[in-house]
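Chemist: for reference, the sequence and a predicted model appear below.
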Amino acid sequence: MKRPVNRHLKDLGPSHAFTHVTVGHAADPTKSAALDSSRAANWKPTINHRSNSMHFQDYITTQRQTAPKPGADIRSRWVSRVVARGLQTQGRAGADAYLRDYGRGIAVAKIIAFALHAESEGCGELAAGFWAAAYTRQTGRSAPASEMVPAADALGVATAAPAPAPMTTNFPDFPQHLQPGAVLTMQPVDTNRTRDDLIADPAYIAQPKRDGCRIVVFASPDHVAYQSRSTSLVPSPGAAFDQAFLTVARARGQFILDGELLFLDHCGGEHRTGSQAATANAGIGSPDAPVVCVIAVFKALYARGLDLSGHDELTRIRASEPFVELAQDQLAQAGVIDSRVDQVPTAWTPNEKLALTITQRSEGREGEVWIQRSTTYRPGKTGGEIFVRTKYVEETEVVITGLTPTTVAGRAFGAIDVAARYPDGSLRPVGKVGTGFDQAEAGRIRDLFSKHPNGLRISVRHQGRTEAGQLWHARFQRIIGPVGERT
């Protein structure tokens, strides 16, 4: 059965009609799908001499006329990521949330494909968000608010119910310093003490260091809001979370939770974005396994009508536990399997702290955070070893392939471009190193690199690698010698 052609498509030309209409029974569906896939893989967004001055709506029209039909990968992600998290009901905020969690390094062509698919699903506001992101990334300009008409509306396509109005950022019962956008989260600093010292010191408790992004949850019986570490208000991680937190606030009263937003792959590995977790799933042979979005809660900042920022850490952690437990119960009862609220475990005794460090190291985790149990909640980074972190690092030999320029007077270069030797013998870029050397060391690196065009070997410490193979938080350690020279 042929899909009816929208009457408004006739004005957009045959290429657009071909792109968005399923044409009956293909003589060879396999060949047709292969052609679609090949076209989608090779297609690039239209760029011409007017790209930098093109109006937003003109940009959308141009891309609609040339873009291929969204492929199976887009349809699969629509179901497993967009619909599973209810992002299609959140309008442009849903597009922002998707790109924040899954869009690291995403190509403009793929963003356009999501915009087109959102239109075909009747989600005009969501499509407008994707179109705006594609436009900004390709032209470097923001989409004017006056042109942010839902893309599907411009075509006459029926859209889904309007996205709910943005949730209020004002919770009148919370004190001013605990309003969304005003909370300055407490940040750990590198410690000068050993793990053994911290384990033995009864003044400290420990929690696993999570590899995600900081998130603060604000909930009342009527509203939910989220804030990042930088105090920016951020889109909801998912409708399931919103509903769970609203239900908990109606049962237990208003609350504020301080935690971390992260994504788990099929083996429980932690990732900062959903796309990283999905890439990890593909790498372990489970590309269709669900990615689990987790809000891992450290403590409560407000509960039962009390501002807890002036209390001790024990009180804040214990106060968060009933809210976390009830929120997760709500998700479980609703049958939600790809969203979770966890209480970050706390190690209170020396034996528990020792066990935590053993687990963190054996599982390849990032490290631990240690906080004095009697401290109040102190904004930002605080000295005095009150809130510290310990990390597990690797040391790797890499080859300098270039030095980036700098405009800072007196500096030899900006950063070091490095590559690593892989088992097959190839030398592949693994990122940049910008710390760990003073100006004297930088001058020596520059001089030696200029004398050895085949490369200079150095040792760097880092906290593992990203899914793309790049060094994570690399720091220069020492010069080893020229490539090809034995040491």
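Modeler: Yes, it's here. The structure displayed is predicted, hence computed values, not measured ones.

Chemist: wait, is V217 part of a helix?
Modeler: No - V217: not assigned to a helix; according to DSSP: H, G, I helix; E, B strand; the rest coil it is strand.

Chemist: quick check: R193 vs I199, distance?
Modeler: Counting by Cβ to Cβ, to the nearest Å, the separation of R193 from I199 is 10 Å. For glycine as for every other residue, the C-beta is placed from the backbone atoms N, C-alpha and C.

Chemist: of the two, who's got more company?
Modeler: With neighbours defined as other Cβ atoms under 10 Å, R193 and I199 compare such that I199 has more, 21 against 13.

Chemist: would you check that that one makes contact with T357?
Modeler: Yes - look at I199 against T357 with Cβ atoms under 8 Å: they come within range, at 7.0 Å.

Chemist: identify the contacts common to the two.
Modeler: Here I199 and T357 have A206 as joint contacts, going by Cβ atoms under 8 Å, 6 or more residues apart in numbering.

Chemist: just give me the residue closest to the centre of this protein.
Modeler: In the chain, the centroid-proximal residue (Cα atoms, centre = their mean) is T273; its distance is 3.3 Å.

Chemist: got the contact list for the closest residue to R340 other than its chain neighbours?
Modeler: Spatially, and ignoring its direct neighbours in sequence, R340 is nearest to V294 (4.8 Å; Cβ to Cβ, 6 or more residues apart in numbering). By Cβ under 8 Å, 6+ apart, the contact list for V294 reads 212, 261-264, 339-342.

Chemist: likewise for R389?
Modeler: By Cβ under 8 Å, 6+ apart, the residues touching R389 are 188-191, 209, 367-370.

Chemist: for the longest helix along the chain, name the packing helices and strands.
Modeler: In the chain, assigned by DSSP state H, the helix with the most residues is helix 313-333. Judged by 3 or more Cβ pairs under 8 Å, 6 or more residues apart in numbering; DSSP states H and E, the packing partners of helix 313-333 are helix 239-252, strand 255-264, strand 292-303, strand 339-343.

Chemist: so which of the ones you listed comes closest to S450?
Modeler: S450 sits nearest to strand 255-264 of all the helices and strands packed on helix 313-333, at 42.9 Å, using Cβ to Cβ.

Chemist: tell me which strands that closest one pairs with, and in which orientation.
Modeler: strand 213-219 (antiparallel), strand 270-271 (antiparallel), strand 292-303 (antiparallel) (DSSP bridges).

Chemist: going by mean pLDDT, which of these comes out lowest?
Modeler: By mean pLDDT, the lowest-scoring of these turns out to be strand 270-271, with a mean of 84.

Chemist: next one: that strand to chain centre, how far?
Modeler: 10 Å (Cα atoms, centre = their mean, to the nearest Å).

Chemist: give me the below-cutoff pLDDT ranges for the stretch 101-250 of the chain.
Modeler: In the prediction, the stretch 101-250 of the chain carries residues with pLDDT under 70 at positions 145-169.

Chemist: cutoff 50 now
Modeler: 150-168 (pLDDT under 50).

Chemist: how about the strands of it, start to end?
Modeler: Remark: strands assigned in the stretch 101-250 of the chain by DSSP state E, counting those that start in this stretch are 186-187, 189-190, 204-208, 213-219, 224-227.

Chemist: turn these into JSON lines, columns for distance to H311.
Modeler: JSON lines is the format used below for these (distance: least, Cβ to Cβ, whole Å):
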{"stretch": "strand 186-187", "distance to H311": "13"}
{"stretch": "strand 189-190", "distance to H311": "22"}
{"stretch": "strand 204-208", "distance to H311": "14"}
{"stretch": "strand 213-219", "distance to H311": "17"}
{"stretch": "strand 224-227", "distance to H311": "21"}
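
Chemist: dump the ones you listed to CSV, plus mean neighbour count and distance to P237.
Modeler: Converted to CSV, those look like this (neighbours: other Cβ atoms under 10 Å; distance: least, Cβ to Cβ, whole Å):
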stretch, mean neighbour count, distance to P237
strand 186-187, 20, 21
strand 189-190, 12, 27
strand 204-208, 23, 20
strand 213-219, 23, 7
strand 224-227, 23, 7
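
Chemist: of these, which is nearest P322?
Modeler: Nearest of those (Cβ to Cβ): strand 213-219, 13.2 Å.

Chemist: what lies in contact with that closest one?
Modeler: Taking Cβ under 8 Å, 6+ apart as the rule, strand 213-219 contacts 171, 174, 180, 183, 185, 224-229, 234, 237, 245-246, 248-249, 254-262, 272, 295, 297, 301.

Chemist: ok, how many other residues are close to P379?
Modeler: Close neighbours of P379, defined as other Cβ under 10 Å, add up to 12.

Chemist: actually G285, not the one I typed
Modeler: The number of residues packed near G285 is 8, by other Cβ under 10 Å.

Chemist: now do the phi/psi pair for it.
Modeler: phi 80, psi 20 (degrees, to the nearest 10).

Chemist: any idea how far it is from D265?
Modeler: Taking Cβ to Cβ, one finds G285 at 12 Å from D265.

Chemist: repeat that for V398.
Modeler: Here V398 is placed at a distance of 26 Å from D265 (Cβ to Cβ).

Chemist: more neighbours, the two?
Modeler: V398 (27 against 24).

Chemist: if I've got this straight, the more buried one is in a strand?
Modeler: Yes - remark: V398 belongs to a strand, assigned using three-state DSSP.

Chemist: just list whatever residues bridge to it.
Modeler: I458.

Chemist: I'd say it and D417 touch.
Modeler: No - taking contacts as Cβ under 8 Å, V398 lies outside contact range of D417: 9.7 Å.

Chemist: kindly report the domain assignment for this protein.
Modeler: Residue ranges for the domains of the chain, per automatic domain parsing: 7-155, 176-391, 394-482.
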